[in-house]
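# From the sequence below, what's the structure:
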Amino acid sequence: MISTKQKYLNKIVVTGSSGFLGRHLMPILNELYGNKHVIGLSSKDFNLLNENDVIKMFERYKPEYLIHLAAYSGGIGANAKFPADFYHKNSLFVTHLFHYASKYQVKKMIYTMGGCSYPSNATSPISEDQMWNGFPQIESSGYSVAKKLGIVASQSYRKQYGLNSNILIPGNLYGEYDNFKIDESHVIPAMIRRFFECKIEKKKEINMWGDGSPIRDFVYAKDVAELIPWFLENYNTSDPINISSGMKTKISELAYTIKKITSYDGKINWDTSKPNGQLVKVFDTKKMKSHGLRCPTTLDQGLERTFEWFSANYKNRTNGIRI
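Presented below is the predicted three-dimensional model:
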């Protein structure tokens, strides 16, 4: 749902523009506001862990609007192995970007964080008011707590300096440009790759952990990207807001849907000796919908587009594609 106002917004800087969500967002911003007003940056341009580089970025571009997507992220294995790195780097991103956005008088700052920052014992559907009711999942807590600091930063810099910033919490993102690396990917890209490779290798069976009963909700990344201009133009509070589909999907249903989309004709075996993980994790979208916002892409539509992109780029390992 692209904004229909098409206001004149000058000097929009996007950090992490070459990342997963950033690659969905940049074409949308360029279409709405014009290429000359939108500046996409990545770690190749500035090292945002370095305070001097952050100052250089603000001095060079003097952004009026800042969309901060840059983060140091990885799979659960990497988070468990390097928790200090994930905490240190992401807390520096928060500290540097909010501080200098305030100092350079940015008119609006958008900050995104993941639903993993919610307490591990949060009850579904997970509403925004549960954020501080417990500790996140321990395996990724270094990352999750560091990202959660963005809420405190948003409220603090708004109160003391008047920085207008928004906290967006996308649900379980999937789509084109996702990370399909075996040791780093989340459930949808991991399944797509496994089914696709089992088909190529003509394997007659594929093994899945658990019994397929856990329930999740998934949100197509482009749907989230299309809502960001609305927040740039309309939302003026530091209160976090979930951005997701709110649709419940069983992991078994997801697996059989991807099996069909990838045309894999083998058998799915469920290994019930392996853990299911949290049985239900779904995000409450009442607050998002109260503003007339929605994420309209169905899971089938989004999966088909994701697989089409993945299969077309599978052999391309030299174009920044994480496969």
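# right, and residue 54 touches residue 45 too?
No - look at residue 54 against residue 45 with CB atoms under 8 Å: they stay out of range, at 11.6 Å. (C-beta placed from N, C-alpha, C; glycine too.)
# Looking at the two, which is more packed in?
Comparing residue 54 with residue 45 by other CB atoms under 10 Å, the one with more neighbours is residue 54, at 22 against 17.
# residues in contact with that one?
Listed by CB atoms under 8 Å, 6 or more residues apart in numbering, the contact partners of residue 54 are 46, 48, 96-97, 100.
# Could you tell me the per-residue confidence at residue 254?
At residue 254, the model reports a pLDDT of 98.
# try the one 5 residues further on
Residue 259 is assigned a predicted lDDT (pLDDT) of 97.
# Quickly find the element holding it.
Residue 259 is part of helix 251-261 when elements are defined by DSSP states H and E.
# Show me what that helix is packed up against.
Secondary-structure packing of helix 251-261 (3 or more CB pairs under 8 Å, 6 or more residues apart in numbering; DSSP states H and E): helix 187-200, strand 215-216, strand 267-271, helix 299-313.
# Excluding its own residues, what touches the first one? List them.
So that's helix 187-200. Helix 187-200 is contacted from outside by 172, 174, 178-180, 182, 185, 206, 216, 218, 251, 254-255, 258-259, 262-266, 303, 306-307, 310-311, 314, 323, using CB under 8 Å, 6+ apart.
# give me the low-pLDDT residue ranges for the stretch 1-150 of the chain?
Within the stretch 1-150 of the chain, the stretches with pLDDT under 70 are 1-8.
# Please enumerate the helices of it.
For the stretch 1-150 of the chain, the helices defined by DSSP state H, counting those that start in this stretch occupy 20-33, 51-61, 76-81, 83-103, 141-161.
# Next, the buried residues of the shortest one.
By neighbour count on 16 or more other CB atoms under 10 Å, the buried set for helix 76-81 is 78-79.
# go on, the last one?
Across helix 141-161, burial judged by 16+ other CB under 10 Å covers 141-151, 153-155, 157-158.
# between the residues you listed, which is nearest residue 229?
residue 154 (19.0 Å; CB to CB).
# so the closest one makes contact with residue 236?
No - applying CB under 8 Å, one finds residue 154 not in contact with residue 236, separated by 11.7 Å.
# which residues are in contact with both of these two?
When contacts are counted by CB under 8 Å, 6+ apart, residue 154 and residue 236 are jointly contacted by residue 166.
# Chain neighbours aside, what residue packs nearest to residue 236?
Leaving aside its chain neighbours, residue 236 sits nearest to residue 164 (5.7 Å; criterion: CB to CB, 6 or more residues apart in numbering).
# what about the one you found, neighbour count?
If you count neighbours by other CB under 10 Å, residue 164 ends up with 17.
# For it, give me its contacts.
Neighbour list for residue 164: 107-109, 158, 236 [criterion: CB under 8 Å, 6+ apart].
# what does residue 138 give?
When contacts are counted by CB under 8 Å, 6+ apart, residue 138 touches residue 120.
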